[in-house]
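Enquirer: Sequence unavailable; structure follows:
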Ligand SMILES: Cc1cc2nc3c(=O)[nH]c(=O)nc-3n(C[C@H](O)[C@H](O)[C@H](O)COP(=O)(O)O)c2cc1C
């Protein structure tokens, strides 16, 4: 064994941290619902699976989000794992709130959960818990239904850019 040393105390400014966090690759989801007749939602790369029993997933949302106070009022939230061709869709879902769903093909459940058509997976969820985490809120979602085709290539977010898995179609 060779033991080297590494720094344990640094000035952690946000842009340096953002860059470091971006080294870890992730997928991108849409989290959305129809609220008072209007589609509301956003793109999130902080999605992950948490628990099988009960079935839980999570994402984290900036505490400063203008959308979350509305979105959290939804009884059901739709989560779509975006497909590799959804780079522009992900950007649009992070843009001006009023135009996020313009021109998109979506499906809406009778409880108002909204999913983007031709994503690689769809979840119908309800909010299980919200956990304060610094300048973000970790939102735990309980899965009520799931749908996914057998094949499909996810959108990958890495170092602030969109890509795809090398060995997927
Ligand atoms: C690829 C991608 C991933 C994102 N992931 C997150 C995320 O995990 N959490 C978050 O709060 N915002 C994330 N955003 C930003 C949101 O989509 C949105 O732009 C932001 O929340 C500001 O809008 P709001 O004030 O309506 O929430 C992401 C944006 C992009 C393009």
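Expert: Perfect, I can see it now. Predicted, not measured: the structure shown is a model, and the values here were computed from it. Residues are numbered from 1 along each chain as shown.
Enquirer: The ligand contacts on this protein?
Expert: For the chain, the contact set with the ligand under CB under 6 Å from any ligand atom comprises 28, 42-46, 59-62, 65-68, 90-91, 93-94, 97, 157. Quick note: C-beta positions are derived from backbone N, CA and C, even for glycine.
Enquirer: can we see that at 5 Å?
Expert: Within the chain, the positions near the ligand by CB under 5 Å from any ligand atom are 28, 42-46, 61-62, 65-67, 90, 94, 97, 157.
Enquirer: which of the residues you listed sit farthest apart?
Expert: Pairwise distances across those peak at 21.5 Å for 66 and 157 (criterion: CB to CB).
Enquirer: circling back: tell me the most packed of the residues of the chain next to the ligand, by neighbour count.
Expert: Within the residues of the chain next to the ligand, most neighbours by other CB atoms under 10 Å means residue 28, with 26 neighbours.
Enquirer: dump the residue contacts of it.
Expert: 43-45, 47, 81-82, 86, 90, 155, 157, 162 (CB atoms under 8 Å, 6 or more residues apart in numbering).
Enquirer: want to throw those residues into a markdown table with secondary structure and pLDDT?
Expert: Output for the contacts of residue 28, formatted as a markdown table (DSSP: H, G, I helix; E, B strand; the rest coil; pLDDT from 0 to 100):
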| residue | secondary structure | pLDDT |
| --- | --- | --- |
| 43 | strand | 98 |
| 44 | strand | 98 |
| 45 | coil | 98 |
| 47 | coil | 98 |
| 81 | strand | 98 |
| 82 | coil | 98 |
| 86 | coil | 98 |
| 90 | helix | 98 |
| 155 | coil | 98 |
| 157 | strand | 98 |
| 162 | strand | 98 |
